[in-house]
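Colleague: kindly return the folded structure for what I paste below:
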Amino acid sequence: MKITTRGRYAVMALVSLAGASHGNPVSLKDISRQEDISELYLQQLFSRLRRSSLVKSVRGPGGGFILARRPSEITIGQIIRAAEGKNARVGCRSSGRKCGMIERCKTQNMWDTLEMRIDEFLDGITIEHLFLHQAQERREAEA
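Modeller: Numbers count the residues shown, from 1 in each chain. Okay, here's the model as predicted:
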């Protein structure tokens with residue numbers, strides 16, 4: 001799986017949102033400043049994330065975005081798939097690529113297994129895991 005800047009920034013932004021929101025909406029301007037990501041780029045990302053029901057927008061004064069579910073219920077795999085759109089795949093069968101060798105390819109099962117393991121890994125990590133890890137690192141650095 002190829003994870004582009006779009007996927008990485010989406011993960012960074014949602015971890016930032018989880019840490020800053022405390023149940024209150026957070027503006028894209030605040031996330032932009034904290035993560036040093038263009039606000040315009042975040043608008044595009046959050047549009048995708050909202051369509052995938054990972055975030056909700058709150059309009060009006062003090063508006064912004066909140067997570068649509070608890071941080072423990074949103075996996076990094078879900079975020080990356082929402083941000084990237086169509087999954088970037090390694091294996092020929094799942095990518096739809098036609099190389100003409102798929103029937104006799106001796107490596108295809110390895111690529112399929114790799115894809116499955118990447119998905120399992122990313123789906124085993126939640127925003128809460130990353131947020132808690134980040135907080136622990138800060139505490140250790142301050143000690």
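
Colleague: okay, which residue of this protein is out on the far edge from center?
Modeller: Largest separation from the mean C-alpha position in the chain: R104, at 35.2 Å (Cα atoms, centre = their mean).

Colleague: make sure that residue is indeed in a strand.
Modeller: No - counting by DSSP: H, G, I helix; E, B strand; the rest coil, R104 is not part of a strand but coil.

Colleague: how close does it sit to L49?
Modeller: Distance from R104 to L49, counting by Cβ to Cβ, to the nearest Å: 41 Å. C-beta coordinates here come from the backbone N, C-alpha and C atoms, glycine included.

Colleague: hmm, back to that, confidence score at the residue farthest from the centre of the chain?
Modeller: With respect to pLDDT, R104 scores 72.

Colleague: can you count the residues close to R81?
Modeller: For R81, the count of nearby residues is 22 (other Cβ atoms under 10 Å).

Colleague: what's it sitting at in phi/psi?
Modeller: For R81, the backbone dihedrals (degrees, to the nearest 10) come out as phi -60, psi -40.
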